[in-house]
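Engineer: Provided below are the primary sequence and the corresponding predicted coordinates.
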Protein chains: 2
Amino acid sequence: VSILSISPQEHEARIERARALMREQEIDALVLSGLANLRYFAGFAPHIYVSPTRPWFAVVPLVGEPVALVPEMGHADTAAQSWLGRIETWASPRPHDEGVSDLVRLVKAASTRFGRVGFELGPESRLGMPVADILRLRDLLSSGVEIVDCVPIYRRLRARKSPAEVALIQAATDAAQRAFEAVPSLARQGASESDLHRAFQIEALKAGADQVPYVALATGRGGYDSITRGPRSGKVLRNADVLGLDTGVTVGGYWTDYNRNWAIGTATKTAQEVYERLWNAQAQALEHLRPGMSASSLWRILAEGTTGTDANSVTGRLGHGVGLDYTEPPSLHPLDATILEPGMVIALEPSLTSIHSDGEARFMALEEDILVTETGAALLTKRASASLPII
Amino acid sequence: VSILSISPQEHEARIERARALMREQEIDALVLSGLANLRYFAGFAPHIYVSPTRPWFAVVPLVGEPVALVPEMGHADTAAQSWLGRIETWASPRPHDEGVSDLVRLVKAASTRFGRVGFELGPESRLGMPVADILRLRDLLSSGVEIVDCVPIYRRLRARKSPAEVALIQAATDAAQRAFEAVPSLARQGASESDLHRAFQIEALKAGADQVPYVALATGRGGYDSITRGPRSGKVLRNADVLGLDTGVTVGGYWTDYNRNWAIGTATKTAQEVYERLWNAQAQALEHLRPGMSASSLWRILAEGTTGTDANSVTGRLGHGVGLDYTEPPSLHPLDATILEPGMVIALEPSLTSIHSDGEARFMALEEDILVTETGAALLTKRASASLPII
């Protein structure tokens, strides 16, 4: 067992916190099928979740023992990973009934008080089972059991990270840091985006990442057009390009999410200026962030820091939560009123579109991950240099 | 542009084949949100799909131009990847309306003939948007437009792979092969499962994999307990262990899926016998597989090959399709009557649970990927050795 792991006691405490919210919201049971929630509540994350053939479930009743309900072939792996003592299985594949009749039985047994069962339905969720199956389950449950959204419950629980969770995010962050440090020796003029993409993954794995599911990489003269794109095999680095590299690295299921930028050979004046604006906006956010502040207030600091007074010209969001999902609520966005609390891990991600000397628009983003503390913000990332580094 | 890619002409042909099935099934439009289908129909796969915050859509109407509907920040990446000329965006994040009102408009405009629109609802599907959003969309469409399942359409289209698709699967297979060939130099006694897990990912990337999203790895004396588990950090290789390593490697979005087994130091007699049974069962399948045969008939060859005449003692399935999803229909299972057709790529995955000399049950699987041809089966994998290799 790794030192970096979540204890059974911490898992049990999660269940108790969930139950308090379930009582408040009059929900008899949670049925979880998304990968992050299986890990959070049941302490197992089926490695084979990449296959859409078989769903995997955890059922958390208000009273009584939580249950893992998994395909038969997954029993050994679930038993090895999970803190749960109760694991049920069905003979999968069974396309006409992939766990649905078992779920009906478990949900009916649990739904004795409120007649409401929570599934992952709301914003920023993805269900880990076919929609046709949840609709059929709803029909089978119809007599007196209603399906309701449980996103508000897990969102509330998962927002504040424990020290053990922060340690896992820190480990992922440190692995990414070592991969970022290797970039100057890899990103020479003439190197292709695809080669860099592979090389970065290799460096992060060497540095201790469990997996490197996300590496976005974009290049362009003085800036790029997107920070979320994959590599283009034919595109090579040229003098005066800016290389932006954004990553998602995981350790123990927890993500880190931050990026770095480099100028290749020469940095254009506009690129340098844009980079420094982004860096200074982050400095403002790091200085002024306090628990009790809203996500929209933090957005405003970053927006004004990058644009001067013209915050309304900023589109999209300028950061978000990070944890068991690569991106989690809250959004640093004018419409998100979430109050920042100690224990939240937030990616500060100011970005700017600017017009360069050739008349073309270029984009740049700069991202750091922080932990909200009792008094302010603590960086999890080793902060990027104050001026655009040149390779 | 890579030589290994899907041409705009092939994408257009996919749309025309889809439309023929849509007419048959009286469906006015397909709305696709799953990663594999976005790639298959619209030729783009958002790299940032790992984030559940923003959904991504492609709408394929029976008549008129297909549309990519994506978050604003994804426009540049979509335009660079997709063959589609029509890309619409919305200002995301917008949790109260993540593309839903735009979808309603596009679907209403398309639903003029049958009043039916297809979404990914059925077996082995995962929707790429929150369930609450599809339910709301259904309410907004209510006057005369019904939401129906489009899984049968894309399943039919994606079952037979084109030469370009087979070439991508072959490239992924070849990268995995080189990583498997490196295992004997990595998997010494005392090496930990976690170290091997990382080392295998690195070798596959070095060999040309775009990504290595899946590496399952299990060890145990004479066999293992699961072929779908992730590594255990504290578990080290010991003499007489069998190491089973199963992978999913991607190139251009297409997967390969096969495994290899090795005995560490010494092979127990039972482990050798089990391995040879699995290998011989595959030899039977490779010899007798013909297009026109059913998936269940192929299952029977593998089941009888491993158990003798006791095929009914076999649980689960013994193989499956491979393509844009890590596992796809059909299942090699007694209840799957799918007829095998030229162009299908199938993982032949016989497995056996056996009782060893210590009285304990152990599991072993052996997997190869084949292409169904006009006359039989062509191996995509370089076949495993006929007897259990010893490291």
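Structural biologist: Great, that's in hand.

Engineer: up against chain B, what does the stretch 151-300 of chain A have?
Structural biologist: A:194, A:197-198, A:201-202, A:205-206, A:208-214, A:216, A:225-230, A:232-234, A:248 (C-beta under 8 Å from any C-beta of the partner chain). C-beta coordinates here come from the backbone N, C-alpha and C atoms, glycine included.

Engineer: are any of those residues buried, and which?
Structural biologist: For those, a neighbour count by 16 or more other C-beta atoms under 10 Å in any protein chain shown gives the buried set as A:194, A:197-198, A:201-202, A:205, A:208-214, A:216, A:225-230, A:232-233, A:248.

Engineer: neighbours around the nearest residue to residue A:351 once chain neighbours are set aside, how many?
Structural biologist: Leaving aside its sequence neighbours, residue A:351 sits nearest to residue A:365 (C-beta to C-beta, 6 or more residues apart in numbering or on different chains; 3.7 Å). Neighbours of residue A:365 under the rule other C-beta atoms under 10 Å in any protein chain shown: 24.

Engineer: so what's residue A:365 up against?
Structural biologist: A:227, A:244, A:246, A:259, A:278, A:349, A:350, A:351, A:352 (C-beta atoms under 8 Å, 6 or more residues apart in numbering or on different chains).

Engineer: again with residue A:34
Structural biologist: Contacts of residue A:34 (C-beta under 8 Å, 6+ apart): A:120, A:125, A:126, A:127, A:128.

Engineer: ok, it to residue A:339 distance?
Structural biologist: According to C-beta to C-beta, to the nearest Å, residue A:34 stands 25 Å off from residue A:339.

Engineer: now swap in residue A:356 and tell me
Structural biologist: 39 Å.

Engineer: hmm, residue A:184 is touching residue A:385, no?
Structural biologist: No. With contact defined as C-beta atoms under 8 Å, residue A:184 does not reach residue A:385; the gap is 11.5 Å.

Engineer: all helices for chain A, in order.
Structural biologist: Ranges of helices in chain A, per DSSP state H, are A:8-24, A:35-37, A:75-81, A:100-110, A:131-141, A:151-159, A:163-186, A:193-206, A:269-288, A:295-307.

Engineer: Serialize these to CSV and add fields for mean pLDDT.
Structural biologist: Listed next are those as CSV, based on pLDDT from 0 to 100:
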stretch, mean pLDDT
helix A:8-24, 97
helix A:35-37, 98
helix A:75-81, 92
helix A:100-110, 97
helix A:131-141, 96
helix A:151-159, 98
helix A:163-186, 97
helix A:193-206, 96
helix A:269-288, 96
helix A:295-307, 95
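
Engineer: would you turn the ones you listed into CSV with distance to residue A:221?
Structural biologist: Formatted as CSV, the helices of chain A follow (distance: least, C-beta to C-beta, whole Å):
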stretch, distance to residue A:221
helix A:8-24, 49
helix A:35-37, 38
helix A:75-81, 48
helix A:100-110, 55
helix A:131-141, 45
helix A:151-159, 40
helix A:163-186, 19
helix A:193-206, 14
helix A:269-288, 9
helix A:295-307, 21
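
Engineer: of all those, which one is nearest residue B:99?
Structural biologist: Shortest distance between residue B:99 and these, using C-beta to C-beta, is found for helix A:131-141: 16.6 Å.

Engineer: touching chain B at all, that closest one?
Structural biologist: Yes. Legend: contact between helix A:131-141 and chain B by C-beta under 8 Å from any C-beta is shown at A:131, A:132, A:134, A:135.

Engineer: filter these down to the buried ones.
Structural biologist: Using 16+ other C-beta under 10 Å, the buried ones in the residues of helix A:131-141 next to chain B are A:131, A:132, A:134.

Engineer: contacts only, for the second one.
Structural biologist: Contacts for residue A:132 were tallied using C-beta under 8 Å, 6+ apart; they are B:121, B:122, B:123, B:125, B:149.

Engineer: how far away is it from residue B:158?
Structural biologist: 18 Å.

Engineer: got it, and residue A:356?
Structural biologist: Separation of residue A:356 from residue B:158 (C-beta to C-beta): 43 Å.

Engineer: picking that back up, the residues of helix A:131-141 next to chain B: which two are farthest apart?
Structural biologist: For the residues of helix A:131-141 next to chain B, and using C-beta to C-beta, no pair is farther apart than A:132 and A:134, which are 7.7 Å apart.

Engineer: quick check, pLDDT for the residue in the stretch 251-391 of chain A that chain B sits nearest to.
Structural biologist: Closest residue of the stretch 251-391 of chain A to chain B, C-beta to the nearest C-beta: residue A:327 (4.1 Å). pLDDT for residue A:327: 98.

Engineer: go on, residue A:2?
Structural biologist: 51.

Engineer: not counting sequence-adjacent ones, nearest residue to residue A:316?
Structural biologist: residue B:73 (5.3 Å).

Engineer: what residues are up against that neighbour?
Structural biologist: A:226, A:227, A:228, A:315, A:316, B:92 are the contacts of residue B:73 under C-beta under 8 Å, 6+ apart.

Engineer: could you do residue A:235 as well?
Structural biologist: A:192, A:193, A:219.

Engineer: now do 10 Å
Structural biologist: A:192, A:193, A:194, A:196, A:217, A:218, A:219, A:220, A:241, B:80 (C-beta atoms under 10 Å, 6 or more residues apart in numbering or on different chains).

Engineer: and if you look at residue A:165?
Structural biologist: A:4, A:6, A:10, A:40, A:158, A:252, A:253, A:254, A:323, A:324, A:343, A:345 are the contacts of residue A:165 under C-beta under 10 Å, 6+ apart.

Engineer: from these, which land in strands?
Structural biologist: A:254, A:345 (DSSP state E).

Engineer: please pick the buried ones from the contacts of residue A:165.
Structural biologist: A:4, A:6, A:40, A:158, A:252, A:253, A:254, A:323, A:324, A:343, A:345.

Engineer: my read: the third one touches residue A:154, true?
Structural biologist: Yes. Shown here, residue A:40 and residue A:154 form a contact pair, counting by C-beta atoms under 10 Å, at 6.8 Å.

Engineer: now list whatever residues contact both of the two.
Structural biologist: Common neighbours of residue A:40 and residue A:154, counting by C-beta under 10 Å, 6+ apart, are A:14, A:18, A:32, A:34, A:324.

Engineer: quick check, central residue of chain A?
Structural biologist: Most central in chain A under C-alpha atoms, centre = their mean is residue A:326, positioned 1.9 Å from the mean C-alpha point.

Engineer: now the residue of chain A most remote from its centre: how far from chain B?
Structural biologist: Centroid-distance maximum for chain A: residue A:143 at 37.2 Å, with C-alpha atoms, centre = their mean. Applying C-beta to the nearest C-beta, to the nearest Å, the value for residue A:143 to chain B is 20 Å.

Engineer: now the residues of helix A:131-141 next to chain B in CSV, with distance to residue A:295?
Structural biologist: Listed next are the residues of helix A:131-141 next to chain B as CSV, based on distance: C-beta to C-beta, whole Å:
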residue, distance to residue A:295
A:131, 30
A:132, 36
A:134, 30
A:135, 34
